[in-house]
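Peer 1: What follows is a predicted protein model with its sequence.
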Amino acid sequence: MLRDRQRVIIIAYAISPNYGSEFGVAWNYVNILRTHVDITLIYGCSEDKMGSNISMNDYLSSQTNKTGDKVEFIYCKPNRFASFLNWCNLNISNLFFIFALREWQRSAVRIAKKLHSITPYDIGHQLNPIGYRSPGYLFDLNIPWVIGPVGGTGSLDKDLFEFVNGKDYLRHILRNISNLYYLRHCKFLRKIYGLSSHVFCATNNDYKNISKSFTGNCSYLRENNLQGEIKSFNRKSTIINMVWIGRVDGSKCLSTLLHAISRLELLLRNNVFLHVVGNGPALPNEISLAESLGINQHIKWHGRLSRDGVIEVIKQSDIHILTSIMDSNPTVIFEAMEYSVPTIALNQFGASDILKNGCGVLIDIGPKQKVIDAFADKISKIIKDQSLLLEMKESIKKNYVSLTIEQSAAQILNVYKHVSCR
């Protein structure tokens, strides 16, 4: 017989109220699920370094704990072997990280087993990491348990290798090969996923791959979501303000957008302005490219900004451009949508799922020149006919509720209830 409130043990390697990416994904889900279930959460870090939990310590010691007594946070410090493997990850090769992570997960499950033996839990949930290669060991508790949302099963399309070079080219080749192995031949993952009660998949592409390779007990669930009320700003300007946000590196492919702008007719180019928010190793080369293309006067290089600073730039923008060739479910798409700013992105991974209902523009994957021309064509059409922007903004309003974290949390709670009744 189920209790009025289920007791859930959640393992999340990374969580923080102050940071985005996986840290924010875990925090946002826990913060809404706690209103429906009692949670014990075992975590490993709240900053980028394994074992660092400064922001969670600060949060837990403050008087602004909004999760009340419905969440018990337990820090799991990495043991010596996990710390050694992570040292190898930082100093030798990042191939060691997955082994450091799995060793930490074993320690976390040992804590979970001790807690479960004292006061039993109804459900186990391996919330993150999002990467599908580390699904955890919660099966050791012998209770229904779920995984995810997990992602990362997608490989770089062959046409997109033209966008990368050097180390990035080799890295993506190795990643594609390893994905092929893990999805088709890894008995370890097939066994663990087969023992789970349900798997949440971060994109529809991940759902297809995981259901084909590991288990049919799975469903699509975004890791990122819209939060709060939609905000709308009616800007009156003849200039189309575009915003590009991210780490400026090889995989983000900012150069694609720069080449696209350079291909606009001169009259159209004078009616567009680009805000670049972010820093990274490729920034000097991108600035040099903009200068050589003769478009630098149409760009403001903001560098790295605080979250509040990023939001202020989004509020001033008409459209967000995402040129990354590998991002799964970028948080920035949702940050833009919260302010009624649509996105132009490649038609793959999470962008395909999020923007398919007219909330943005999807660019078909193809050879580099074809993709650049497609970006230029879509930008040109928006400059000529700004009603296209209004149509996309209306689509965002229409689909907003379906993309909120409340909808995703309801899906998780339904699965909790279902697997408990098996």
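Peer 2: Structure received.

Peer 1: May I see the domains of the chain written out as residue ranges?
Peer 2: Using automatic domain parsing, the domains assigned to the chain come out as 7-151+186-223+405-420, 240-402.

Peer 1: quick one: which of those domains is nearest residue 231?
Peer 2: domain 240-402 (5.1 Å; Cβ to Cβ). In short, each C-beta sits where N, CA and C put it, glycine included.

Peer 1: gap between the closest one and the chain center?
Peer 2: 17 Å (Cα atoms, centre = their mean, to the nearest Å).

Peer 1: so what's residue 245 up against?
Peer 2: If you count contacts by Cβ atoms under 8 Å, 6 or more residues apart in numbering, residue 245 has them with 277-278, 310, 313-314, 320, 332.

Peer 1: 7 Å - rerun?
Peer 2: 277-278, 310, 332 (Cβ atoms under 7 Å, 6 or more residues apart in numbering).

Peer 1: Now that residue 354 has come up, it's in contact with residue 333, right?
Peer 2: Yes. With contacts counted by Cβ atoms under 7 Å, residue 354 reaches residue 333, the gap being 5.8 Å.

Peer 1: show me where the stretch 51-200 of the chain has strands.
Peer 2: 71-75, 123-128, 145-150, 198-201 (DSSP state E, counting those that start in this stretch).

Peer 1: How about residue 272: which residues does it bridge to?
Peer 2: Beta-bridge pairing of residue 272 under DSSP bridges involves residue 240.

Peer 1: That one and residue 295: what is the separation?
Peer 2: Remark: distance between residue 272 and residue 295 (Cβ to Cβ, to the nearest Å) = 9 Å.

Peer 1: overlap in contacts of these two?
Peer 2: residue 261.

Peer 1: do you know which of the strands of the stretch 51-200 of the chain lies nearest residue 390?
Peer 2: strand 145-150 (32.4 Å).

Peer 1: The closest one pairs with which strands, parallel or anti?
Peer 2: strand 123-128 (parallel), strand 198-201 (parallel).

Peer 1: Please work out which residues outside it touch it.
Peer 2: With Cβ under 7 Å, 6+ apart, strand 145-150 has contacts from 123-126, 130-132, 135-136, 138-139, 196-202, 206, 221-223, 415, 419.

Peer 1: re earlier: can you tell me which of the contacts of residue 245 comes closest to residue 96?
Peer 2: Closest to residue 96, out of all of these and judged by Cβ to Cβ, is residue 278, at 27.9 Å.

Peer 1: For the stretch 51-200 of the chain, which segments count as helices?
Peer 2: Applying DSSP state H, counting those that start in this stretch to the stretch 51-200 of the chain gives helices spanning 54-61, 80-91, 97-118, 166-185, 187-195.

Peer 1: Deepest in the core, which of those helices is it.
Peer 2: helix 97-118 (a mean of 18; mean count of other Cβ atoms under 10 Å).

Peer 1: Now do that one, average pLDDT.
Peer 2: The average pLDDT for helix 97-118 rounds to 96.

Peer 1: Using CSV, write down the CA coordinates of it.
Peer 2: What follows is helix 97-118, C-alpha atoms only, in CSV (Å, rounded to 0.1, in the frame of the first residue of the first chain):
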residue,chain,number,x,y,z
PHE,A,97,36.4,10.7,-15.6
ILE,A,98,33.8,8.0,-16.3
PHE,A,99,35.7,5.6,-14.0
ALA,A,100,36.0,8.3,-11.3
LEU,A,101,32.3,9.0,-11.6
ARG,A,102,31.4,5.3,-11.4
GLU,A,103,33.5,4.9,-8.3
TRP,A,104,31.7,7.8,-6.7
GLN,A,105,28.4,6.3,-7.6
ARG,A,106,29.3,3.1,-5.8
SER,A,107,30.0,5.1,-2.7
ALA,A,108,26.7,7.0,-3.0
VAL,A,109,24.8,3.7,-3.3
ARG,A,110,26.5,2.4,-0.2
ILE,A,111,25.1,5.4,1.7
ALA,A,112,21.7,4.8,0.1
LYS,A,113,21.7,1.2,1.2
LYS,A,114,22.5,2.1,4.8
LEU,A,115,19.7,4.7,4.9
HIS,A,116,17.2,2.3,3.2
SER,A,117,17.9,-0.4,5.9
ILE,A,118,16.9,2.1,8.6
